[in-house]
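Trainee: Coordinates only, no sequence provided:
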């Protein structure tokens with residue numbers, strides 16, 4: 001669904017993730033640390049399941065809103081969507097995420113899906129429904145363009161892959177959304 005954003009105002013981004021902790025949680029938390037001084041963006045994170053103690057501490061230190069266990073507060077989560085300019089769904093093949101996307105009709109919104117899988121090998125593959133769900137689908141790696149479902153998709157203009165990386169404190173690389 002295409003929505004026009006006012007380019008003069010601060011943008012609010014709602015991150016929806018199955019949980020916050022571990023691999024993807026580290027990437028997202030590092031990204032939020034990296035952009036914390038960007039006065040053009042306001043980030044909030046909604047976890048369908050838990051946010052671990054590290055994530056809760058970082059949310060306080062960095063200064064972003066964090067809500068967890070939203071699987072038990074679906075009505076509140078869906079109502080909150082309308083308050084944000086961009087809904088950024090962190091995708092990997094997680095049953096809570098599929099359950100949320102399949103069983104609920106989201107209000108009119110701009111959806112970006114950031115894939116944290118390559119989509120090349122089962123069970124972590126893409127489906128056409130997932131690829132066509134958002135307004136923009138971002139691959140973590142350009143290798144995802146080689147996934148069978150991506151190659152056969154007629155809507156390839158909505159796919160992108162980030163090629164710019166930023167360095168973590170430990171010199172490893174991360175991909176911003």
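Mentor: Alright, I've got the coordinates. These figures come from a predicted structure and were not determined experimentally. Numbers count the residues shown, from 1 in each chain.
Trainee: okay, now residue 143: neighbour count?
Mentor: For residue 143, the count of nearby residues is 12 (other Cβ atoms under 10 Å). (Each C-beta comes from the backbone N, C-alpha and C, glycine too.)
Trainee: for residue 135, same thing?
Mentor: Other residues close to residue 135 by other Cβ under 10 Å number 15.
Trainee: right, and it touches residue 108 too?
Mentor: No. Applying Cβ atoms under 8 Å, one finds residue 135 not in contact with residue 108, separated by 11.3 Å.
Trainee: Residue 131 is in what secondary structure piece?
Mentor: Element membership for residue 131, per DSSP states H and E: helix 128-132.
Trainee: hmm, who's touching the next helix-or-strand element following that helix?
Mentor: Using DSSP H and E, the helix or strand that follows helix 128-132 towards the C-terminus is strand 136-139. Strand 136-139 has contacts (Cβ atoms under 8 Å, 6 or more residues apart in numbering) with 111-115, 118-119, 131, 145, 158-162, 177.
Trainee: now the helix holding residue 131: how far from the chain's centre is it?
Mentor: Relative to its chain's centre, helix 128-132 lies at 15 Å (Cα atoms, centre = their mean, to the nearest Å).
Trainee: Same question for stretch 128-138.
Mentor: On Cα atoms, centre = their mean, the centre of stretch 128-138 falls 12 Å from the chain's centre.
Trainee: doesn't residue 112 make contact with residue 87?
Mentor: Yes. The pair residue 87 / residue 112 is scored as a contact, 7.1 Å apart, by Cβ under 8 Å.
Trainee: more neighbours, those two?
Mentor: residue 87 (23 against 19).
Trainee: got the contact list for that one?
Mentor: Counted by Cβ under 8 Å, 6+ apart, residue 87 has contacts 13, 14, 16, 81, 106, 109, 110, 111, 112.
Trainee: and the last one, what element?
Mentor: Just to be clear, that refers to residue 112. strand 111-115.
Trainee: Tell me which strands that strand pairs with, and in which orientation.
Mentor: Note on strand 111-115: by DSSP bridges, its sheet partners are strand 86-91 (parallel), strand 136-139 (parallel).
Trainee: ok, then the element right after that strand?
Mentor: strand 120-121.
Trainee: just how off-centre is stretch 123-137 within its chain?
Mentor: That offset, for stretch 123-137, works out to 13 Å (Cα atoms, centre = their mean).
Trainee: all helices of the protein, in order?
Mentor: 22-34, 53-62, 74-81, 95-103, 128-132, 148-151 (DSSP state H).
Trainee: Would you mind giving those as JSON lines with distance to residue 44 and mean neighbour count added?
Mentor: Shown next, in JSON lines, are those (distance: least, Cβ to Cβ, whole Å; neighbours: other Cβ atoms under 10 Å):
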{"stretch": "helix 22-34", "distance to residue 44": "10", "mean neighbour count": "18"}
{"stretch": "helix 53-62", "distance to residue 44": "9", "mean neighbour count": "15"}
{"stretch": "helix 74-81", "distance to residue 44": "8", "mean neighbour count": "14"}
{"stretch": "helix 95-103", "distance to residue 44": "16", "mean neighbour count": "14"}
{"stretch": "helix 128-132", "distance to residue 44": "23", "mean neighbour count": "16"}
{"stretch": "helix 148-151", "distance to residue 44": "30", "mean neighbour count": "13"}
